[in-house]
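A.B. asks: Please work out how this folds:
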Amino acid sequence: MKNLFNQIKNHIDDTGKLISSSEEIKSSILAAEQLAESLLGCTLNVRGKEFIIRMLEIYYGGVGDDAHDWYRTRFSYKTSKYKEQTSIQSQDGFSVYLSSLDVSDTYTRMDIVVGHTGVPISFLLRSAWDSSFNLIGAKNGNPNIVLNAIGFRPEDHGQAIDIENKNAELYLENTHEQIINDRGFQIKRQRRINLKSEFEEKNQVQWNLSLE
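C.D. replies: The predicted structure follows:
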């Protein structure tokens, strides 16, 4: 599942300015979208309990996405105290990012960090099914409800999600094709939910992806 990482690159400098050609940026965006699609229907095993990824949102600071926590804490809110917290969003994927270590806070959410070290990109987990395909939370997603139902803990922040060792505490299994074929799901794309973003308006990206 990491074969697309090489195409997902950082395209901004230390000031947040884009430094790559439009074609290079488009290529990375396409790879990020393909990776997000490929994770839909995958099974996330957290300490022995299985959950199926139903909805993700792409956040990609490396192409100037001003809605990404990593980007915001460096270029939008330069005095933010969360720079260290968001640095996880540019570490080697797959790994866990928690927006806060207080998982009881309704605004705390979990991202799956993807890409190579130094590339700020992560996918917000908005919605999931349990192993019996019972929907967790609302259809449009409840990131904090999903985070707590799955059982992520503060100490999971920054931890790797294994894709090879099924006995790992955090394990991601590629069940994308199997679940889509067995269940007849289709991939739906739309704008990110409840979000204002200059980047999104300018580029007209549809970075909320779900199985329906």
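A.B. asks: quick check: longest helix of this structure.
C.D. replies: Among the elements of type helix in the chain, defined by DSSP state H, the one spanning the most residues is helix 22-39.
A.B. asks: Please enumerate the strands of the chain.
C.D. replies: 43-46, 49-59, 95-98, 110-113, 122-130, 135-136, 170-173, 187-190, 208-211 (DSSP state E).
A.B. asks: center of this structure - which residue?
C.D. replies: F123 (0.9 Å; Cα atoms, centre = their mean).
A.B. asks: wait, what's in contact with that one?
C.D. replies: 36, 39, 56-59, 111-112, 114 (Cβ atoms under 8 Å, 6 or more residues apart in numbering). The C-beta positions use only the backbone N, C-alpha and C, and glycine is treated the same way.
A.B. asks: same check, this time on S95
C.D. replies: Applying Cβ under 8 Å, 6+ apart, we find S95 in contact with 88, 112-113, 158-161.
A.B. asks: Name the residues linked to it by a beta bridge.
C.D. replies: Going by DSSP bridges, S95 is paired in beta bridges with V113, A160.
A.B. asks: Turn the contacts of F123 into CSV, columns for pLDDT, neighbour count and distance to R192.
C.D. replies: CSV is the format used below for the contacts of F123 (pLDDT from 0 to 100; neighbours: other Cβ atoms under 10 Å; distance: Cβ to Cβ, whole Å):
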residue, pLDDT, neighbour count, distance to R192
A36, 98, 24, 12
L39, 98, 20, 16
L56, 98, 27, 10
E57, 98, 25, 5
I58, 98, 25, 8
Y59, 98, 27, 8
D111, 98, 26, 13
I112, 98, 22, 15
V114, 98, 26, 17
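A.B. asks: Show me which pair in these is furthest apart.
C.D. replies: L39 and Y59 (13.8 Å; Cβ to Cβ).
A.B. asks: Hmm, V103 is touching N148, no?
C.D. replies: Yes - at 6.1 Å, V103 counts as touching N148 under the criterion of Cβ atoms under 8 Å.
A.B. asks: Next, show the common contact partners of the two.
C.D. replies: By the contact definition Cβ under 8 Å, 6+ apart, V103 and N148 are jointly contacted by no residue.
A.B. asks: surely N10 meets Y71?
C.D. replies: No - shown here, N10 and Y71 do not form a contact pair, counting by Cβ under 8 Å, at 11.1 Å.
A.B. asks: Of the two, give the one with the bigger neighbour count.
C.D. replies: A direct count of neighbours by other Cβ atoms under 10 Å for N10 and Y71 places Y71 higher, at 25 against 19.
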